[in-house]
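> Predicted model, plus sequence, below.
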There are 2 protein chains.
Amino acid sequence: MKIAIDAMGGDHAPQSTVEGALAAAKEWSDIEIVLVGNEAVLAPMLKDAPANLRIHHASEVIDADDEPVKAVRRKKDASMVVAGRLVREGEAAAMISAGNTGALMTTGLLVVGRLEGIERPALAPMIPTVDERGVLALDLGANMDAKPEHLAQYALMGSIYREKVHGISKPRVGLLNVGTEAMKGNELTKAAFPLLESLPINFVGNVEARDILTGACDVLVCDGFAGNILLKSLEGTAGTMFSILKREFTKSWKNKLAAAVLMPSLRSMKKTLDYKEHGGAPLLGLSGLVVKGHGSSDGGAIKNAVRQARTALQSRLTESIAREISGK
Amino acid sequence: MKIAIDAMGGDHAPQSTVEGALAAAKEWSDIEIVLVGNEAVLAPMLKDAPANLRIHHASEVIDADDEPVKAVRRKKDASMVVAGRLVREGEAAAMISAGNTGALMTTGLLVVGRLEGIERPALAPMIPTVDERGVLALDLGANMDAKPEHLAQYALMGSIYREKVHGISKPRVGLLNVGTEAMKGNELTKAAFPLLESLPINFVGNVEARDILTGACDVLVCDGFAGNILLKSLEGTAGTMFSILKREFTKSWKNKLAAAVLMPSLRSMKKTLDYKEHGGAPLLGLSGLVVKGHGSSDGGAIKNAVRQARTALQSRLTESIAREISGK
């Protein structure tokens, strides 16, 4: 199993990608890691690399503020684009990048290519939940608008992912909606509901935004716009509450002393609710596996993304999705 | 100024509505309150009522679990419907109800009637913000789907409301979106953006869900579906965090003692983030003023809704909206 890593993508690259690649190559001898990036930069960092780790030179880099489509079209020798090409050409089975999200989605679409039958690939990050199972939410930003059939494909792909990669039997698939009754919703969700009911998945019906964090489902299906509102609202509310707590807890000496006692609890809560802690997000519906790491990924996060890709490859995730979609 | 109150609507009615009506009638001698409901129930509770408070009999009641449209059509003598009829017939200038939200929206649409030129009335509650200005968000659930022109009307109505009722000069109007750049969004928000730019309002552009609580705008424009996801996500995240804090803070004697010191801070944060504390929500775009009180309203909340209606009437809110809409 060859896994390509965009060595130049992410806030802490290439330090983070090299560290992660080294750790992963050492731990799993059944994979081969291809670090894609500038050889002159990478080679000195990889003097003691194990045999299953090698560099594939790419001269350009896509930056965080590059315009995605333009960058992918013009920078043909960018590390991210080259990694995508390795996947398309079968030189690698999966690619990982912590770089520009829009550019990675464009690379997925234009370079790696869609699976036959899939109209819209979906970005599927994990949203943390209190019970620590998390929920795989899709689509989170690859496509702002969706048709009912797209939501049905998201549901199917998400369910297969949770089963194959996370080992959850009969994952509970929910439809993000404004009420739990079947007839609630906007035109999109009302039309999607019967489609989801007809799929060979464990569809648990509509799920309200307020029940996500308490773990109402394992897979949450939504269009990219609604998903963004949900995730950013969650992030904003948690962030705001932590700021208020911080301000209140440092207001007086009495408060500071009391807060010190409670600090471990607060830290653990913060960690639970931090979606950045919850691994890479697969871009599902492509002809090869693409995993998006968070921009702030460190070496540990890159290693985790490799673990995730390895599990997905072992479980033959892409083949399963292709079979289910074509079998419809 | 006559203000009709649906005496039978709300979890604590008629105790809450009678208390609120009495307090309001005593405080403001320039208004006349019409309590609409079962006279046999209400009369004994109003023995010492001031002269500017009277009962208007209505024999039926719409319950919280009644199907909205059916209930409004069939229960022609329901207190909510009768209050709506008083507004339509000019017998009252405003109505307040803490009853069934769907039924109140139906009463607004079918009984009170839309303003000419308004296609979709919008429900506009306040979402709390950390700076305590709050943000008026619309539409929050009156219509799940919206067209760009509807969002433009929401923007105009919300801006007028904040100026007239809350005395905010040039209220900052934001469009709920997935990014702050002008070209971000789904088809709806991308088409709405130039419409909002062309209005005589202080349009501050797109606002992301994560910046709502910190007070990025005074009026937030969104379709009912996205608004619901935003509000429920905010509510769910805050609720979940308070549950975690409660569990952690009662885990040991040490934690309990420390938490006791911080309790006033936690209570004040809870109050700040509780949207139920933030008054009634106007249903904008109708030919008369309709204010929705929260289902759990007590006497104080009903009195506040009367204050809100009184200010709106004094400022000639409905006439201003009618003028701006027809002048377009």
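Nice, thanks for sending it over. Numbers count the residues shown, from 1 in each chain, chains lettered A, B, ... in the order given.

> State the distance from residue A:5 to residue A:133.
28 Å (C-beta to C-beta, to the nearest Å). (Glycine included, C-beta is placed from N, CA and C.)

> which of these two has more neighbours?
residue A:5 (34 against 17; other C-beta atoms under 10 Å in any protein chain shown).

> Would the lowest-mean-pLDDT helix or strand in chain A count as contacting chain B?
In chain A, no helix or strand scores lower on mean pLDDT, DSSP states H and E than helix A:253-272, which sits at a mean of 87. Yes. Helix A:253-272 lies within reach of chain B by C-beta under 8 Å from any C-beta of the partner chain, at A:254, A:255, A:257, A:258, A:259, A:261, A:262, A:265, A:266, A:268, A:269, A:272.

> Give the next helix or strand downstream of that helix.
strand A:281-284 (DSSP states H and E).

> now that next one, how far from the chain's geometric center?
5 Å (C-alpha atoms, centre = their mean, to the nearest Å).

> Same question for stretch A:219-235.
13 Å.

> can it be found next to chain B?
Yes. Remark: stretch A:219-235 sits within contact range of chain B at A:223, A:224, A:225, A:226, A:228, A:229, A:230, A:231, A:232, A:233, A:234, A:235, by C-beta under 8 Å from any C-beta.

> And for stretch A:56-73?
No. On the criterion C-beta under 8 Å from any C-beta, stretch A:56-73 is out of touch with chain B, staying 10.9 Å away.

> What ranges does the stretch 201-328 of chain A have for its helices?
A:224-249, A:253-272, A:299-314, A:317-326 (DSSP state H, counting those that start in this stretch).

> Turn these into TSV, including mean neighbour count.
Listed next are the helices of the stretch 201-328 of chain A as TSV, based on neighbours: other C-beta atoms under 10 Å in any protein chain shown:
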stretch	mean neighbour count
helix A:224-249	22
helix A:253-272	15
helix A:299-314	21
helix A:317-326	17
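
> how close does the residue sitting nearest the centre point of chain A get to chain B?
The geometric centre of chain A, computed from its C-alpha atoms, lies nearest to residue A:281 (C-alpha atoms, centre = their mean), at 0.7 Å. Residue A:281 sits 16 Å away from chain B, going by C-beta to the nearest C-beta, to the nearest Å.

> go on, residue A:208?
In terms of C-beta to the nearest C-beta, residue A:208 sits 5 Å off from chain B.

> count of neighbours near the nearest residue to residue A:69 once chain neighbours are set aside?
Distances taken as C-beta to C-beta, 6 or more residues apart in numbering or on different chains put residue A:106 closest to residue A:69, at 5.3 Å, once the chain neighbours are dropped. Using other C-beta under 10 Å, residue A:106 has 23 neighbouring residues.

> With residue A:274 instead?
12.

> and the stretch 51-200 of chain A, which of its residues are near chain B?
Counting by C-beta under 8 Å from any C-beta, the residues of the stretch 51-200 of chain A near chain B are A:130, A:141, A:144, A:145, A:176, A:178, A:185, A:186, A:187, A:189.

> pLDDT score assigned to residue A:328?
Per-residue confidence (pLDDT) for residue A:328: 49.

> Show residues contacting the least confident helix or strand of chain A.
A:128, A:130, A:132, A:238, A:242, A:245, A:248-250, A:277, B:241, B:244-245, B:248-249, B:251, B:254-255, B:257-262, B:265 (C-beta atoms under 8 Å, 6 or more residues apart in numbering or on different chains).

> at 6 Å instead, please
A:128, A:249, A:250, B:244, B:248, B:254, B:258, B:261, B:262 (C-beta atoms under 6 Å, 6 or more residues apart in numbering or on different chains).

> Equivalent analysis for stretch A:67-77, please.
A:58, A:59, A:60, A:62, A:81, A:102, A:103, A:106, A:107.

> before we move on, which element is the fourth one in?
Meaning residue A:62. Residue A:62 belongs to no helix or strand, assigned by DSSP H and E.

> where does it fall, phi/psi-wise?
phi -90, psi 130 (degrees, to the nearest 10).

> Make sure it is actually in contact with residue A:98.
No. Between residue A:62 and residue A:98 there is no contact under C-beta atoms under 6 Å: 11.7 Å.

> how close does the nearest residue to residue A:250 once chain neighbours are set aside sit to residue A:23?
Nearest residue to residue A:250, sequence neighbours excluded (C-beta to C-beta, 6+ apart): residue A:256, at 5.8 Å. Distance, residue A:256 to residue A:23, by C-beta to C-beta: 39 Å.

> do the same with residue A:194
Residue A:194 is 47 Å from residue A:23, by C-beta to C-beta.

> More neighbours: these two, which one.
Set side by side, residue A:194 and residue A:23 show more neighbours around residue A:23, with 17 against 11, by other C-beta under 10 Å.
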